[in-house]
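# Mind folding the following:
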Amino acid sequence: RSTLFPYTTLFRSEGLRHYLEVPEEGGVLVRSVAPLSALNGTISPGDVLLAVDGHAVAADGTVVLDAQSGEADVRVPLDALVTIKPENETTDLRVFRGGSVENVMVQFAAVPPLLPRYDTAPDYALVGGLIFSKLTVPLLLEARRNGLVLPLRDAARFLDKWRHDTSSDVVVLVGVVSDPANEFYSLPMLTQLHYVNGEPVTSLKKFVELLPA
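Residues are numbered from 1 along each chain as shown. Predicted coordinates for the structure are as follows:
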């Protein structure tokens, strides 16, 4: 995700601000938190983020970076205060929850992507002439280059979901070779494989384990 978490801006939302009883002018309402992120268990949906490292968060989700060397102040998305930090450095978040303001210290780390970013040695499984592999970002880009627009739109929806564990994959059909078992099949590329004999397919490894000996 490009943002730390999906949030709702309170810009011009005076009704929502009054309902939440937000004590300050700015702030954004947290909508969800990635299960594998550093914020899980620390920040919750419904919290209002008021400041990051002492920088007040405006109602539109931005913060002001102080000017240096005579330059003018610059307003940037609140993510910028985290992404410019060295690895393992902590971040101070001021949040409003349950009618009170709290300060929370968080050590951010990258959220594991739902789809692998690179394929240095792509894995695949060939069954009955059907070739299955993990859905990856390079595979989506290759599909776009080859004009697979409709399957691409369907597959790209996975990018908008949080990942709940690091061992899961999205398994899709990536090719077909001639075989008597698939003589009358006509399946679109990038079709997701959901089940094998009624058992859910949660990764390429799990798919292979579910196949008959």
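# Now for Ser186, how many residues are close by?
6 (other Cβ atoms under 10 Å). C-betas here are computed from N, CA, C, even on glycine.
# which residues in the protein form strands?
7-9, 28-30, 48-52, 55-56, 62-65, 74-77, 90-97, 100-107, 124-127, 130-134, 171-176, 195-196, 199-200 (DSSP state E).
# Tell me which other helices or strands the fifth one touches.
Secondary structure elements in contact with strand 62-65, counted by 3 or more Cβ pairs under 8 Å, 6 or more residues apart in numbering; DSSP states H and E, are strand 55-56, strand 74-77, helix 80-83.
# What of the fourth one?
If contacts are counted by 3+ Cβ pairs under 8 Å, 6+ apart, strand 55-56 sits against strand 62-65.
# just how off-centre is the strand it packs on within its chain?
For strand 62-65, the distance from its own C-alpha centre to the chain's C-alpha centre is 23 Å (Cα atoms, centre = their mean, to the nearest Å).
# quick thing: my sequence starts at 47, can you match it?
With 47 as the first residue, the last one maps to strand 108-111.
# Buried residues, that strand. List them.
Within strand 108-111, the residues scored as buried using 16 or more other Cβ atoms under 10 Å are 108-109.
# Ok, stretch 86-100 next?
Buried positions in stretch 86-100, judged by neighbour count with 16+ other Cβ under 10 Å: 89, 93-98.
# which residues touch that stretch?
For stretch 86-100, the external contacting residues (Cβ atoms under 8 Å, 6 or more residues apart in numbering) are 51, 53, 56, 66, 68, 70, 72-80, 102-103, 109, 124, 127-128, 137-143, 147, 150, 152.
# Would you work out how far apart the start and end of it are?
21 Å (Cα to Cα, to the nearest Å).
# ok now it, how far from the chain's centre?
Centroid separation for stretch 86-100 versus its chain: 18 Å, with Cα atoms, centre = their mean.
# average model confidence for that stretch?
Mean pLDDT, stretch 86-100: 93.
# List the contacts of the closest residue to Asn243 other than its chain neighbours.
Spatial nearest neighbour of Asn243, excluding adjacent residues (Cβ to Cβ, 6 or more residues apart in numbering): Leu256 at 6.7 Å. Each residue near Leu256 by Cβ under 8 Å, 6+ apart is listed here: 242-243, 245, 247.
# what pLDDT does the residue in the chain sticking out farthest from the centre get?
The C-alpha centroid of the chain is most remote from Pro226, which lies 40.4 Å away (Cα atoms, centre = their mean). For Pro226, the pLDDT comes out at 87.
# Ok, Glu135 next?
You'll see Glu135 listed with a pLDDT of 93.
# Equivalent analysis for the one 5 residues further on, please.
You'll see Arg140 listed with a pLDDT of 96.
# Burial check on it, number of neighbours?
Neighbour count of Arg140, defined by other Cβ under 10 Å: 20.
# Equivalent analysis for Pro159, please.
Pro159: 12 surrounding residues under other Cβ under 10 Å.
# if I pick the nearest residue to it once chain neighbours are set aside, what's in contact with it?
Nearest residue to Pro159, sequence neighbours excluded (Cβ to Cβ, 6+ apart): Arg209, at 7.0 Å. Residues counted as contacts of Arg209 (Cβ under 8 Å, 6+ apart) are 80-82, 157-160.
# does Ser179 have beta-bridge partners, and which?
Note on Ser179: beta-bridge partners by DSSP bridges are Tyr170, Val218.
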